[in-house]
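In: no letters, just coordinates:
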C-alpha cells in the first residue's frame, strides 16, 4: 500500500534482459554506476482518486544511504486505474545505485498494479 505523502521505492520482480548485470534479481535498484541510462517507467495504480496527484522521482543511493534526489514528475489520477509513464534519463556515478520512488496526494488506499521499466543502460 502506498501512503499519502510517503515516498516508497518501486520493487522490480521480473527481468526480461540485463546483459550488463546492472542490478540483482528483485529489489528496487535498477542501475549501478558508473553508467548512463535512458528509458521510461510505466506504472499502474489502483485507488488513486480522479484528479489526485501521483509523483515519481529517481533517487541515488551509495552504501545504503540516499545521496541524491532527482526532479519530481507528476501524473493525475483518473476514474478506475491510473496509468503513468515517467521518462528517465541520466548519469549514475561510480558506486551509486538508482531506484524509483513514488508517492501520492489523494485520499484512501492506493496500491500498485503492474510496474514496467523499459531502459537502455550503457557504461561511461
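Out: Looks like it arrived, so ask away. Computed from a predicted structure; not experimentally measured.

In: what's the burial count for residue 71?
Out: Residues lying near residue 71 (other Cβ atoms under 10 Å) number 6. For the C-beta atoms, the positions are set from N, CA and C on the backbone; glycine is no exception.

In: residues in contact with it?
Out: For residue 71, the residues meeting the contact criterion (Cβ atoms under 8 Å, 6 or more residues apart in numbering) are residue 57.

In: look up which helix or strand the residue most central in space within the chain falls in, please.
Out: In the chain, the centroid-proximal residue (Cα atoms, centre = their mean) is residue 100; its distance is 2.5 Å. Under the criterion of DSSP states H and E, residue 100 resides in strand 96-104.

In: contact partners of that strand?
Out: By Cβ under 8 Å, 6+ apart, the list of residues contacting strand 96-104 reads 2, 4-10, 23, 28-33, 37, 41, 43, 45, 48, 52-62, 67-68, 77, 86, 88, 90, 92, 110, 117.

In: same question for stretch 72-84.
Out: 42-46, 48-57, 86-87, 104, 106, 113.

In: let's see that with 7 Å instead.
Out: Contacts of stretch 72-84 with the rest of the structure, by Cβ atoms under 7 Å, 6 or more residues apart in numbering, involve 43-46, 48-57, 86, 106, 113.

In: first to last residue in it, what's the distance?
Out: The separation between the terminal residues of stretch 72-84, taken as Cα to Cα, to the nearest Å, is 13 Å.
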